[in-house]
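Asker: Pasting the sequence and the predicted model now:
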Amino acid sequence: MASNSQDGQSCTRCVNTCTDPKLDKRGIISEPYVCPECREQLPEQPAFIKDTTREEEAMIFCTYCIHSSVPAIQSCLHCEASLCDDHLKAHNKSPEHVLTELTTSPENRKCSIHKKILEYYCYEDAVCICVYCLAEKHRFHQLEPLDEATTKKKEKLKDLLETLVSEREDMEKNCQNIIRRMMRIPEKVSDIKEKVSTSFQEIRRRLEDLENRVLREISRQETAIIISGNIRLQQLQVKKIQLSTKIRHIEELCKETDPLTVLQYGKDNFYDNSEDQKDDLKEADKTMHVVEDLNEFLIALTLHNGLNNIVNETRKEYCIPEAKEILLDLNTAANNVLVSSDLKSISWSVVGQRRKETVERFEQHQVLNTSRFSAGRHYWEVEASESEYWMMGVTYPSIDPKSPESWIGNNTKSWCLCRWHDEYSIRHDGKDVNTHSNLSCNKLGIYLDYEAGQLSFYELSDHIRHLHTFTATFTEPLNAAFWVEDNGWLRITS
């Protein structure tokens, strides 16, 4: 390669990478040198000459050095010419000859209308103008010479630059935080997978223990019933033999012709045993009842309690809060909202309820719950109508209930999931931040982690689906909030 410059060396390395021959395992050339342009195979590595045509095209030469190409050092806007050092010394020094840094388009520095040099900046129209523009259109505008306006603009740009640099640094920090978090994800995923696998192994062990315990209880009852039944069966068989003996005697007496023989047999208390025979029959009926029935309630109770214990242990292990008891506050309920007697359900009503006016009562459609969340983790479930309009979420209690913007999700103080025109959306500050075309079920879960500043919505279908999580810094306690219109209804199920 002809050039020894650093750029030339970079070019050489790059070209060599593209054209070096391919070697086999023995070090013998398996594919020859290849031209990077036409891909022609070459018998040996070619010598590459640096093309300096583009560098020469980028240089600006003196306009007046017509016999040789002499690099220019400044341009004259008045002459629209570029000057070398020699011609610059001999150039006209009159004021209209404005010297600037080298430019290939000096005409751009002149007014497009009057072809005069741009000397002023008009702040009102944000344009550079010449003296003729000043006299014609900009006489009463705020003007400054280009140098002064440029100085001020540069000061503003410096301030903007500082702001942008600061934002870029913050962004870089956020990027690094994301990268660090992403780098930790595989390890965290592995840990969680191991934890979940261990939990399921433990659940399977507990379920197996519970299954064995229930089966043992069933077997115990079976054994007890069989033993008891066998004992009673033996007793009844003895009684049956005794009855058979008595039956034969009676049959013989019925055939007897001697009156004294028949009457003397009655003296042996034959008739007095009739009550014992009735008792034996009752015992037989009771024995049959015992054999037929298991204590199914005891079996169900054992299974139910065992499953509850497994679920509770799993919930503690994964820090799932108990479903929160949510009751509606009638003092906040709008008069066009019907509230059930158990304070769990709301629906929209055309007829007003004529409730007593309170400071916290909403004008339309809405109601809050009685308690507030100011710390900790909370979870509650809501069943919603599959038609018309409703909203559910949380709000600061400082929201103005009389304001037209008091509907949850339509201001900075509330967050909600809503159904509107057959579409579901997640809303805050009047903006839909996430939209869902449909939901597969009408049962929903709301999870609030106050300290973490997170509010999450879940669809509680067979396959539980995460709909959205709001992240915010909560500055006030929060109320659960509910909104309905037309045929919409909501019911708090836990």
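Answerer: Thanks, I have it.
Asker: Am I right that Val367 is in a helix?
Answerer: No. Under DSSP: H, G, I helix; E, B strand; the rest coil, Val367 sits outside any helix and is assigned strand.
Asker: isn't it right next to Asn335, touching?
Answerer: No. Judged on C-beta atoms under 8 Å, Val367 makes no contact with Asn335 at a distance of 10.7 Å. Glycine gets a C-beta too; all of them are placed from N, C-alpha and C.
Asker: higher neighbour count, the two?
Answerer: Per other C-beta atoms under 10 Å, whichever of Val367 and Asn335 has more neighbours is Val367, with 25 against 16.
Asker: Can you name the residues that contact that one?
Answerer: Val367 sits next to Leu328, Asp329, Leu330, Thr332, Ala333, Ala334, Val337, Val339, Ile346, Ala481, Phe482 when contact means C-beta atoms under 8 Å, 6 or more residues apart in numbering.
Asker: Leaving out chain neighbours, which residue sits closest to the first one?
Answerer: With C-beta to C-beta, 6 or more residues apart in numbering as the measure, Leu343 is the residue that lies nearest to Leu328, at 4.5 Å, once sequence neighbours are left out.
Asker: ok, that neighbour to Tyr132 distance?
Answerer: For Leu343, the distance to Tyr132 (C-beta to C-beta, to the nearest Å) stands at 80 Å.
Asker: These two: which is more packed in?
Answerer: Using other C-beta under 10 Å as the criterion, Leu343 and Tyr132 rank with Leu343 on top: 17 against 13.
Asker: and the protein, what are its domains?
Answerer: Following automatic domain parsing, one finds the domains of the chain at 110-153, 196-292, 337-492.
Asker: Which among those domains is found nearest to Leu303?
Answerer: Closest approach to Leu303 among the domains of the chain (C-beta to C-beta): domain 196-292, 5.3 Å.
Asker: Distance from the chain centre to that closest one, please.
Answerer: In terms of C-alpha atoms, centre = their mean, to the nearest Å, the centre of domain 196-292 is found 66 Å from the chain centre.
Asker: One more: stretch 482-494?
Answerer: 24 Å.
Asker: Can you dump the C-alpha atoms of it in PDB for me?
Answerer: The C-alpha coordinates for stretch 482-494 follow below in PDB (Å, rounded to 0.1, in the frame of the first residue of the first chain):
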ATOM      1  CA  PHE A 482     -65.500   2.500  41.800                       C
ATOM      2  CA  TRP A 483     -67.400   4.100  38.900                       C
ATOM      3  CA  VAL A 484     -70.500   2.900  36.900                       C
ATOM      4  CA  GLU A 485     -72.800   4.100  34.200                       C
ATOM      5  CA  ASP A 486     -75.800   2.800  32.100                       C
ATOM      6  CA  ASN A 487     -76.100  -1.000  32.800                       C
ATOM      7  CA  GLY A 488     -72.600  -1.300  34.300                       C
ATOM      8  CA  TRP A 489     -72.200  -2.900  37.700                       C
ATOM      9  CA  LEU A 490     -69.300  -3.900  40.000                       C
ATOM     10  CA  ARG A 491     -69.200  -6.300  43.000                       C
ATOM     11  CA  ILE A 492     -66.400  -6.600  45.500                       C
ATOM     12  CA  THR A 493     -65.900 -10.400  46.000                       C
ATOM     13  CA  SER A 494     -63.200 -10.300  48.700                       C
END
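Asker: avg pLDDT for it?
Answerer: Stretch 482-494 shows a mean pLDDT of 88.
Asker: Return the set of buried residues in it.
Answerer: Within stretch 482-494, the residues that count as buried by 16 or more other C-beta atoms under 10 Å are Phe482, Trp483, Val484, Glu485, Gly488, Trp489, Leu490, Arg491, Ile492, Thr493.
Asker: Stretch 319-332 too?
Answerer: Residues Lys324, Ile326, Leu328, Asp329, Leu330, Thr332 are the ones in stretch 319-332 that count as buried (16+ other C-beta under 10 Å).
Asker: So what sits opposite His468 in the bridge?
Answerer: Counting by DSSP bridges, His468 is bridged to Phe457.
Asker: Hmm, the residue nearest to Leu328 is touching Glu325, no?
Answerer: No. Using C-beta under 8 Å, Leu343 makes no contact with Glu325, being 10.3 Å away.
Asker: returning to what we had before: from the buried residues of stretch 319-332, which single one is nearest Phe297?
Answerer: Closest to Phe297, out of all of the buried residues of stretch 319-332 and judged by C-beta to C-beta, is Lys324, at 31.8 Å.
Asker: In terms of pLDDT, where does the closest one sit?
Answerer: Looking at Lys324, its pLDDT stands at 67.
Asker: And for the one 5 residues further on?
Answerer: Asp329 is assigned a pLDDT of 92 by the prediction.
Asker: which residues touch it?
Answerer: Glu360, Val367, Leu368, Asn369, Thr370.
Asker: Mind doing that once more with 10 Å?
Answerer: Counting by C-beta atoms under 10 Å, 6 or more residues apart in numbering, Asp329 touches Val339, Leu343, Thr358, Glu360, Arg361, Val367, Leu368, Asn369, Thr370, Ser371, Asn479, Ala480.
Asker: Brilliant, that's me finished.
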